[in-house]
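> Coordinates only, no sequence provided:
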């Protein structure tokens with residue numbers, strides 16, 4: 001350690017013992033020189049060679065420690081540019097290796113999906129009743145008591161003796177039930193003419209090639225695997241409520257229609273709706289947008305008109321007619337289609353078609369109300385109209401279509417002075433999107449049930465979604481084909497009448513104090529959850545309808561109060577959101593009923609209002625409405641809360657629908673379609 005002492009005396013060691021000069025760490029040459037001077041200044045007899053070696057090692061260690069403490073980089077033998085090149089090459093090589101491993105892994109997985117031998121080499125057990133069903137029912141038709149695949153495996157066999165749940169329709173309501181239903185509670189059968197679920201909110205995007213048609217559909221059989229259910233591709237024709245039989249039809253291999261019965265213990269009607277014609281003539285000249293085939297026909301028609309407009313034999317007048325696109329209906333579907341069509345014409349048309357076409361194209365939206373998107377907040381409607389005005393989309397409000405001809409559309413428009421003027425518009429394409437109406441099957445059921453069905457547009461249900469007029473707890477209706485009956489006054493008045501007669505009083509002379517009115521309000525809230533918002537200030541309502549200031553409500557005053565609540569309650573919107581919520585609600589309730597069934601049976605409780613006993617009434621919760629309006633989007637959350645914006649809102653709009661997509665497969669396809677549109681543009685081919 002003699003060298004250290006000498007160095008410290010010479011002022012060459014820092015406070016931590018590291019060799020330094022003027023506060024800087026010493027290099028190797030400086031340290032070696034220091035040792036030379038130190039060795040010369042000391043007698044050789046006092047310093048052995050081993051001691052010098054140890055001292056040299058100590059200085060080397062302290063020199064490295066000084067570099068770490070100082071934070072300065074170690075000496076580099078290569079330039080920074082060369083080091084960057086080495087690192088980039090390493091990253092690139094690693095990426096190639098990882099990508100190669102991924103490709104090899106994918107092909108190994110793909111090879112494992114091919115089967116070279118049959119999994120079932122023996123005989124397949126199929127019930128004789130499934131292959132040769134017995135006949136019966138009012139029309140002596142075959143009855144599907146046992147399905148062909150009931151004995152396919154042990155899991156399917158366990159379902160055979162469960163209560164039979166039949167779901168008519170594979171739309172939003174039916175699919176929501178399949179995704180939420182307890183798989184072990186019911187023997188499930190879905191009947192639908194289409195063997196796929198369609199993601200309808202994105203359907204306008206498929207009409208112009210932004211999305212592929214296959215990205216919006218998911219096979220029903222894939223969804224049904226969760227509940228180990230059965231699918232029957234057929235159309236529902238009628239229901240025999242007394243025999244619990246659903247009559248269905250299908251076209252056989254011989255081209256003839258065949259009909260048979262499907263028995264049920266619980267029946268859910270979710271057949272959707274059709275476009276409302278409103279009694280307008282010439283709708284055969286229009287296109288509709290309800291199914292995947294409609295989107296395909298619209299895409300082909302739009303591209304066909306563009307190709308015809310490019311021909312040299314097409315006159316100027318005919319070209320303008322071919323390129324006049326009319327949308328009848330200013331609701332979400334009509335507005336989104338007009339926006340998607342404008343995007344196609346503005347972004348892709350100029351790249352692939354003559355520029356003349358862009359100047360000749362016109363898009364018109366005919367709306368019967370004062371504003372488009374009239375069910376949204378007024379600020380949202382105005383934003384959409386301003387956006388369309390900037391994009392030169394012609395919005396014709398206060399207009400009603402009278403007739404649709406092959407080459408033009410006739411409509412009436414009310415002017416600012418209140419006068420109605422008849423106008424004509426040349427037309428090469430017309431989309432009819434003006435609300436919904438009942439299917440023929442729903443109309444047939446409504447007529448069959450008689451006076452209990454008073455709504456002309458949908459099947460009426462109670463707040464537990466049970467179809468009015470059918471045996472209690474047997475038949476339910478959800479989605480666009482149904483509407484929840486808001487008969488608060490009738491229900492409570494009937495309840496009070498029964499209560500008065502039980503107490504030996506005349507209902508007409510019944511008087512309710514505030515405490516009694518509070519109990520009645522609780523009954524209303526429990527039976528009609530949608531009325532909760534109108535019963536927040538019970539004291540104010542009581543004082544308002546206590547006309548004689550007697551401190552009580554007589555029967556007439558109470559009836560008037562409840563009727564006012566009835567008038568304020570609006571029908572639930574015919575949207576996918578409502579159908580989805582109803583499907584989830586019904587799945588949870590049916591699962592609860594299945595769990596409660598053994599206890600009810602043990603106590604001999606087989607009839608009555610079992611739904612109300614085990615589960616609450618349905619309450620719709622509005623989660624907001626959104627719409628795409630051409631490289632921008634609008635959101636209406638209700639109660640005056642809304643949001644509008646440009647591309648960032650479009651990405652938010654896409655994200656919401658991406659999250660709501662029914663499966664991982666469709667989500668991946670949607671993401672690929674959006675990426676493909678950005679890189680290669682929209683698909684402009686006819687199929």
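On my side now, so go ahead. For clarity, every value in this text was computed on a predicted model and none was experimentally measured.
> Where does pLDDT dip in the stretch 151-300 of the chain?
Low-confidence segments of the stretch 151-300 of the chain (pLDDT under 70): none present.
> Tell me which stretches of it form strands.
Along the stretch 151-300 of the chain, the segments classed as strands by DSSP state E, counting those that start in this stretch run 164-168, 187-192, 196-198, 217-219, 230-233, 235-240, 245-251, 257-263, 266-269, 274-275.
> So residue 296 is in contact with residue 216, correct?
No: counting by C-beta atoms under 8 Å, residue 216 is not a contact partner of residue 296; they are 11.3 Å apart. Bear in mind the C-beta positions are built from the backbone N, C-alpha and C, glycine included.
> Name the residue in these two with the higher neighbour count.
Between residue 296 and residue 216, counting by other C-beta atoms under 10 Å, residue 216 is the more crowded of the two (25 against 15).
> Isn't that one up against residue 199?
Yes: the criterion here is C-beta under 8 Å, and residue 216 meets it with residue 199 at 4.5 Å.
> so what sits against both of these two?
residue 666 (C-beta atoms under 8 Å, 6 or more residues apart in numbering).
> and the nearest residue to residue 434 once chain neighbours are set aside, how many neighbours?
Once flanking residues are discounted, residue 434 sits nearest to residue 329: 4.2 Å by C-beta to C-beta, 6 or more residues apart in numbering. Close neighbours of residue 329, defined as other C-beta under 10 Å, add up to 25.
> Same question for residue 529.
Residue 529, neighbours per other C-beta under 10 Å, totals 17.
> Helix or strand: which one has the closest residue to it other than its chain neighbours?
Counting by C-beta to C-beta, 6+ apart, residue 529 lies nearest to residue 619, which is 3.5 Å off, once chain neighbours are set aside. Under the criterion DSSP states H and E, no helix or strand holds residue 619.
> Residue 619 is in contact with residue 527, isn't it?
No: in this structure, residue 619 is not within contact of residue 527 by C-beta under 8 Å, at 11.2 Å.
> These two: which is more packed in?
Taking other C-beta under 10 Å, residue 619 and residue 527 do not tie; residue 527 has more neighbours (19 against 13).
> if I look at that one, how far off is residue 515?
Using C-beta to C-beta, to the nearest Å, residue 527 is found at 19 Å from residue 515.
> Then residue 387?
54 Å.
> ok, these two, which is more surrounded?
For residue 387 versus residue 515, neighbours defined as other C-beta under 10 Å are more numerous around residue 387 (20 against 7).
> which ones are touching the closest residue in space to that one that isn't next to it in sequence?
Closest residue in space to residue 387, ignoring its immediate chain neighbours: residue 629 at 5.2 Å, by C-beta to C-beta, 6+ apart. By C-beta under 8 Å, 6+ apart, residue 629 lies in contact with 335, 336, 339, 383, 384, 387, 388.
> hmm, try it at 6 Å
Going by C-beta atoms under 6 Å, 6 or more residues apart in numbering, residue 629 touches 339, 384, 387.
> what stretches of the stretch 351-500 of the chain score poorly on pLDDT?
Those would be 487-496, 498-500, if you go by pLDDT under 70 across the stretch 351-500 of the chain.
> And the helices in it?
Residue ranges of the helices in the stretch 351-500 of the chain, as given by DSSP state H, counting those that start in this stretch, are 355-360, 378-390, 440-449, 488-502.
> For the first one, which outside residues touch it?
Meaning helix 355-360. Residues outside helix 355-360 that contact it (C-beta under 6 Å, 6+ apart): 309, 319, 320, 323, 349, 350.
> Now with 7 Å, please.
306, 309, 319, 320, 323, 345, 349, 350 (C-beta atoms under 7 Å, 6 or more residues apart in numbering).
> Of these, which belong to helices?
306, 309, 319, 320, 349, 350 (DSSP state H).
> Please spell out the PyMOL selection for the buried subset of the residues you listed.
What follows is the PyMOL syntax for the buried subset of the ones in helices among the contacts of helix 355-360, where burial is set by 16 or more other C-beta atoms under 10 Å:
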select buried, resi 306+309+319+320+349
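> so which of the ones in helices among the contacts of helix 355-360 comes closest to residue 154?
The closest of the ones in helices among the contacts of helix 355-360 to residue 154 turns out to be residue 306 (C-beta to C-beta; 56.9 Å).
> wait, that closest one sits on residue 352?
No: checked against C-beta atoms under 7 Å, the pair residue 306 and residue 352 is beyond contact range at 9.1 Å.
> Where is the longest helix in the chain?
With secondary structure taken from DSSP H, the chain has its longest helix at helix 80-112.
> which residues does residue 484 contact?
461, 463, 572, 618.
> please redo it, this time with the cut-off set to 6 Å
Residues counted as contacts of residue 484 (C-beta under 6 Å, 6+ apart) are 461, 463, 572.
> how close does the residue nearest to the second one when sequence neighbours are not counted get to residue 632?
Spatial nearest neighbour of residue 463, chain neighbours left out: residue 617 (3.9 Å); criterion: C-beta to C-beta, 6+ apart. In this structure, residue 617 and residue 632 are separated by 39 Å, where distance is defined by C-beta to C-beta.
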